[in-house]
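In: predicted model, plus sequence, below.
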Amino acid sequence: MKILITGCKGQLGNELQSIIKTGKAEIGVVSERIKNSQVIALDVEDLDITNLAQVKEVISREKPDVVINCAAATNVDGCESNQDLAFKINALGPRNLAMVCEEIGAKLVQVSTDYVFSGIGNKPLAEFDLTGPTSVYGTTKLAGEEFVREFSSKYFVVRTAWLYGYVGKNFVYTMMNLGRDKESLNVVDDQRGNPTNANDLAYHILKLIETEEYGVYHCTGKGECSWCDFAKLIMKLSDRKCVVSPCTSEEFKTAAKRPEYSSLDNMMLRCTVGDEMRDWKEALASFIDGNSNL
């Protein structure tokens, strides 16, 4: 199998490459077919997904069996101030990939987000629940999903949330670093979701691409918490003495509105290839244990 990964230098791109290379994730081994795959790992300097001509040239030349799109404009507040760029990367990029993948018969994985939902409610959201983004980031990511569904017949749209991985910037590393330098921190306590270990997400994506179980998927850590709960456990597991106190979203103003409640239910995984995602606390403990030098 030939797998082309866009956005290969990000958290998820790195985990995908690591699992394919070693043949195993933290929660299990991958098939021999995946382990023996040829990987074409590209980042923006190699492939600008917003450039249709370039997408056609590269993908037509490489002829991958699967494209996993990890490229995205993920600076949520930055998207508010640069809507056109966010639309190009998060919507037109997936459209370009979908059209060209369809031409060569390749499968496409489009990684999406809990921000496609409104954030109103108190019950975990399944794949068929009504979307309603409230930010430019969420709106452009939903547009990307819709383009993929329109132009590709072999797609997996995989929504995730609160992602952290071993390479790159994320909430866990930020809290660990702040906890080393500060005695106390205020963290938002009125937004709830699912912390997700990128290694677990990558493993499930690699399971999916061996199948023809096309559609929209949720793939997040099991269980839910607030950002404040998340931060408190990070401090505890990383042996930081920093005291974390709750604050409201109103007190912690951001340019983009965050979903108040965006806990996702991995229903499609359960009903198809199986949901092996770890409980968020277990996955976090494993991650921090692997970063014991920080």
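Out: That came through fine. Residues are numbered from 1 along each chain as shown.

In: how many neighbouring residues does K107 have?
Out: 23 (other Cβ atoms under 10 Å). The C-beta positions use only the backbone N, C-alpha and C, and glycine is treated the same way.

In: actually E150, not the one I typed
Out: E150 has 11 neighbours, counted by other Cβ under 10 Å.

In: same check, this time on F252
Out: F252 is flanked by 15 other residues according to other Cβ under 10 Å.

In: now do the one 4 residues further on
Out: Counted by other Cβ under 10 Å, the residues lying close to A256 total 17.

In: quick one: it is in a strand?
Out: No: using DSSP: H, G, I helix; E, B strand; the rest coil, the assignment for A256 is coil, not a strand.

In: give me the pLDDT for S292.
Out: We have a pLDDT of 64 for S292.

In: list the buried residues of stretch 229-238.
Out: Judged by neighbour count using 16 or more other Cβ atoms under 10 Å, the buried positions of stretch 229-238 are 229-235, 237-238.

In: gap between that stretch and the chain center?
Out: Averaging C-alpha positions (Cα atoms, centre = their mean, to the nearest Å) puts stretch 229-238 21 Å from its chain's average.

In: quick one: contacts of it?
Out: 162, 171-172, 175-176, 179, 185, 187, 189, 195, 225, 240-242, 244, 280-281, 284-285, 288-289, 291, 294 (Cβ atoms under 8 Å, 6 or more residues apart in numbering).

In: circling back: okay, and which of the buried residues of stretch 229-238 map to helices?
Out: 229-235, 237 (DSSP state H).

In: dump these to TSV, plus distance to N69 and pLDDT.
Out: Shown next, in TSV, are these (distance: Cβ to Cβ, whole Å; pLDDT from 0 to 100):
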residue	distance to N69	pLDDT
D229	31	98
F230	27	98
A231	30	98
K232	34	98
L233	31	98
I234	29	98
M235	34	97
L237	32	97
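
In: farthest-separated two in the buried residues of stretch 229-238?
Out: D229 and S238 (15.0 Å; Cβ to Cβ).

In: I am finished for the moment; much appreciated.
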